[in-house]
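For reference, the sequence and a predicted model appear below.
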Amino acid sequence: MGAVQRLGKPFFQLAKLSGEQAAWTADSTGSGYRPKGYVLDDQDRPTFKYNIYGATVTDQVRVAENGRGIVREISVTGAPSDLYAKLAEGSQIESIGKDLYLVDGKAYYLQLQDAGGAKAVVRESAGVKELIVPVRGKLSYSILF
């Protein structure tokens, strides 16, 4: 509902990396990606399901309760130990507090709520900054406006 808001160029959310400095994958070749459909909650909001890298994923996006952003929750069962999620990409990503990041000079804020104890990393790759985090079961973050 409303205008489409682009937050940078699209990228694959999950990837297997040999280390936190390894290049992000540009396609799904070798990922074993298989869409498994979606289910609707009582308010007709979808939760998407898919398999990737041998893991089972549920992925949902909801409007934040205060209406000032969106919340994304990803749950992964059977995640390989080298599975990462890319949360943001931009020319600048700055940590401005505990698990709070400023992306592209106030374009938006990203707040990491739950990463299953994993720590997010801001890194540079191919001339852009990326915010990545190892996936340890559940991952929850908000994009704040």
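Great, that's in hand.

any idea how far residue 28 lies from residue 142?
Counting by CB to CB, to the nearest Å, the gap from residue 28 to residue 142 is 26 Å. For every residue, glycine as well, the C-beta is placed using N, CA and C.

got it, and residue 131?
Distance from residue 131 to residue 142, by CB to CB: 13 Å.

Need the overlap of contacts for the two.
Residues touching both residue 131 and residue 142 by CB atoms under 8 Å, 6 or more residues apart in numbering: residue 110.

Residue 28 and residue 142: who's more crowded?
residue 142 (19 against 12; other CB atoms under 10 Å).

so who does that one touch?
Applying CB under 8 Å, 6+ apart, one finds that residue 142 lies in contact with 64, 69-72, 110-111, 113.

Between the two ends of stretch 37-54, how far is it?
One end of stretch 37-54 to the other measures 17 Å (CA to CA, to the nearest Å).

Over to stretch 13-33?
12 Å.

just how off-centre is it within its chain?
13 Å (CA atoms, centre = their mean, to the nearest Å).

Need the residues that contact it.
For stretch 13-33, the external contacting residues (CB under 8 Å, 6+ apart) are 11-12, 50-54, 57, 59, 74, 76, 80, 82-86, 121, 123, 125-126, 130, 132, 134-135.
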